[in-house]
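[1] only geometry, no sequence info:
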């Protein structure tokens with residue numbers, strides 16, 4: 001099983017509270033991930049939201065990964081919000097800048113507010129995503145690196161795309177998939193799948209893994225080559241007070257995330273969403289149990305559960321609310337106290 005770091009670019013407190021550069025922090029965290037032996041880093045894409053300041057995942061991938069040796073993934077490049085030819089060129093350029101280390105995660109977007117402000121009907125997201133992904137498949141399989149599209153949302157004649165990606169025929173593709181039908185669809189086409197269960201219990205992860213591997217096997221995909229990654233917040237410490245703080249930050253993060261679905265009702269003029277309590281939300285005990293929180297033995301036992309369930313990669317989020325220094329400390333402690341013992345137990349080279 002691989003271990004990756006998700007650089008969420010999140011800010012859970014009021015804008016005035018932050019004085020340092022978010023993007024410099026993420027560059028430092030990406031460098032730390034490489035130095036600590038994590039397998040790769042991921043960066044997100046969201047628009048017009050203070051909570052997640054990540055308007056272009058491909059640009060962020062270049063920002064954090066250009067001078068490193070680690071692989072860098074986008075989770076996810078939104079195929080619904082750009083012209084397919086622009087998207088294709090940006091993907092190829094990013095893979096070239098990263099010297100063939102791009103992992104291309106693609107998705108359709110999560111929040112209706114983003115679509116509304118950008119003039120794209122949210123209800124069209126699924127079909128727009130499928131149309132652009134189909135075009136990319138045609139482009140990547142083309143002998144001359146060109147393709148045409150006559151679709152419901154975009155139509156253009158044969159066009160070549162330059163530059164060409166360093167990886168041929170294209171970077172590895174991961175589809176952000178939350179529901180069993182989407183997971184099965186992506187797996188059946190041979191794609192890797194990324195899923196995030198938020199604070200839901202391990203049983204949800206087990207259901208996701210079963211759906212992915214069943215569809216992968218039915219389509220002839222090979223285990224270990226076609227992969228499932230799962231996003232989970234993580235923090236290892238022997239201090240109960242520190243764990244309490246991490247649980248509270250996770251709950252603040254969860255409240256904001258859920259309230260983004262009705263952004264205009266919950267945000268102030270600057271776009272900051274207040275973390276008011278939800279009618280139904282996990283208890284602190286459930287947060288600690290469901291996320292990879294705890295002392296080293298507890299976290300290692302939880303990681304083993306993901307391994308047994310069939311998760312090929314854990315996408316670990318350390319920046320769900322802690323300060324930058326706490327994030328760096330959390331990444332280092334997890335690498336030494338959990339990742340290294342897990343690899344040693346399973347005979348995995350660092």
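    Nice, I can see it. The structure presented is a predicted model; accordingly, all values stated were derived computationally and were not measured.
[2] only C-alpha atoms from now on, for both contacts and neighbour counts.
    Noted.
[3] count of residues packed around residue 114?
    Residues lying near residue 114 (other C-alpha atoms under 10 Å) number 21.
[4] lowest-confidence helix or strand of the chain?
    In the chain, the helix or strand scored least confidently by mean pLDDT, DSSP states H and E is helix 263-266, which has a mean of 92.
[5] which is the next helix or strand following it?
    Of the helices and strands lying after helix 263-266 in sequence (DSSP states H and E), the nearest is helix 284-290.
[6] other SSEs contacting that following helix?
    Here helix 284-290 touches helix 240-259, going by 3 or more C-alpha pairs under 8 Å, 6 or more residues apart in numbering; DSSP states H and E.
[7] rerun that using 10 Å as the cut-off
    With contacts taken as 3 or more C-alpha pairs under 10 Å, 6 or more residues apart in numbering; DSSP states H and E, helix 284-290 sits against helix 202-218, strand 228-236, helix 240-259, helix 296-309.
[8] out of those, deepest packed?
    Among the helices and strands packed on helix 284-290, the stretch with the highest mean neighbour count (mean count of other C-alpha atoms under 10 Å) is strand 228-236, at a mean of 23.
[9] and the angle from it to helix 296-309?
    Using axes from the mean of the first three to the mean of the last three C-alpha atoms, to 10 degrees, the inter-axis angle of strand 228-236 relative to helix 296-309 is 170 degrees.
[10] burial measure for residue 332, as a count.
    19.
[11] cool, and residue 56?
    Neighbour tally, residue 56, other C-alpha under 10 Å: 17.
[12] torsion angles phi and psi at it?
    Residue 56 adopts backbone torsions of phi -160, psi 110, taken as degrees, to the nearest 10.
[13] picking up where we left off before, wait, which of the helices and strands packed on helix 284-290 is closest to residue 91?
    Smallest distance to residue 91 across the helices and strands packed on helix 284-290 (C-alpha to C-alpha): 20.7 Å, for strand 228-236.
[14] so which residues of the chain form strands?
    Taking DSSP state E, the strands of the chain run over residues 2-6, 40-43, 71-78, 102-107, 146-150, 155-160, 173-176, 192-195, 228-236, 292-294, 313-317.
[15] pipe those into a markdown table and attach distance to residue 283 and mean pLDDT per row.
    Shown next, in a markdown table, are those (distance: least, C-alpha to C-alpha, whole Å; pLDDT from 0 to 100):
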| stretch | distance to residue 283 | mean pLDDT |
| --- | --- | --- |
| strand 2-6 | 24 | 98 |
| strand 40-43 | 28 | 98 |
| strand 71-78 | 28 | 98 |
| strand 102-107 | 30 | 98 |
| strand 146-150 | 49 | 98 |
| strand 155-160 | 50 | 98 |
| strand 173-176 | 27 | 98 |
| strand 192-195 | 23 | 98 |
| strand 228-236 | 16 | 98 |
| strand 292-294 | 14 | 98 |
| strand 313-317 | 20 | 98 |
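[16] could you dump those strands to TSV with distance to residue 54?
    TSV is the format used below for the strands of the chain (distance: least, C-alpha to C-alpha, whole Å):
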stretch	distance to residue 54
strand 2-6	13
strand 40-43	8
strand 71-78	10
strand 102-107	14
strand 146-150	29
strand 155-160	28
strand 173-176	16
strand 192-195	18
strand 228-236	17
strand 292-294	25
strand 313-317	15
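[17] residue 176 touches residue 106, doesn't it?
    Yes: here residue 176 reaches residue 106: they are 6.1 Å apart, a contact under C-alpha atoms under 10 Å.
[18] joint contacts of those two?
    75-78, 193-194 (C-alpha atoms under 10 Å, 6 or more residues apart in numbering).
[19] check the gap between residue 284 and residue 329 for me.
    In this view, residue 284 and residue 329 are 22 Å apart by C-alpha to C-alpha, to the nearest Å.
[20] return the residues in contact with residue 169.
    137, 139-143, 145.
[21] where are the low-confidence patches of the stretch 101-250 of the chain?
    Counting by pLDDT under 70, not a single residue of the stretch 101-250 of the chain qualifies.
[22] beta partners of residue 192?
    residue 174 (DSSP bridges).
[23] that one contacts residue 183, correct?
    Yes: the criterion here is C-alpha under 10 Å, and residue 192 meets it with residue 183 at 9.3 Å.
[24] residues that sit against both of these two, list them.
    Residues touching both residue 192 and residue 183 (C-alpha under 10 Å, 6+ apart) are 175-177, 212, 216, 228.
[25] before we move on, back to that, tell me the one among the shared contacts of residue 176 and residue 106 nearest to residue 262.
    Looking across those and measuring by C-alpha to C-alpha, the closest to residue 262 is residue 78, at 19.9 Å.
[26] got a quick ChimeraX command for the buried subset of the contacts of residue 169?
    Here is the ChimeraX command that picks out the buried ones among the contacts of residue 169, judged by 16 or more other C-alpha atoms under 10 Å:
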select :139,140,145
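[27] retrieve the pLDDT associated with residue 47.
    Residue 47 is assigned a predicted lDDT (pLDDT) of 96.
[28] in the shared contacts of residue 176 and residue 106, find the pair that's most separated.
    Farthest pair in the shared contacts of residue 176 and residue 106, by C-alpha to C-alpha: 78 and 193, 14.9 Å.
[29] how near is residue 260 to residue 107?
    Here residue 260 is placed at a distance of 18 Å from residue 107 (C-alpha to C-alpha).
[30] now do residue 36
    Taken as C-alpha to C-alpha, the span from residue 36 to residue 107 is 29 Å.
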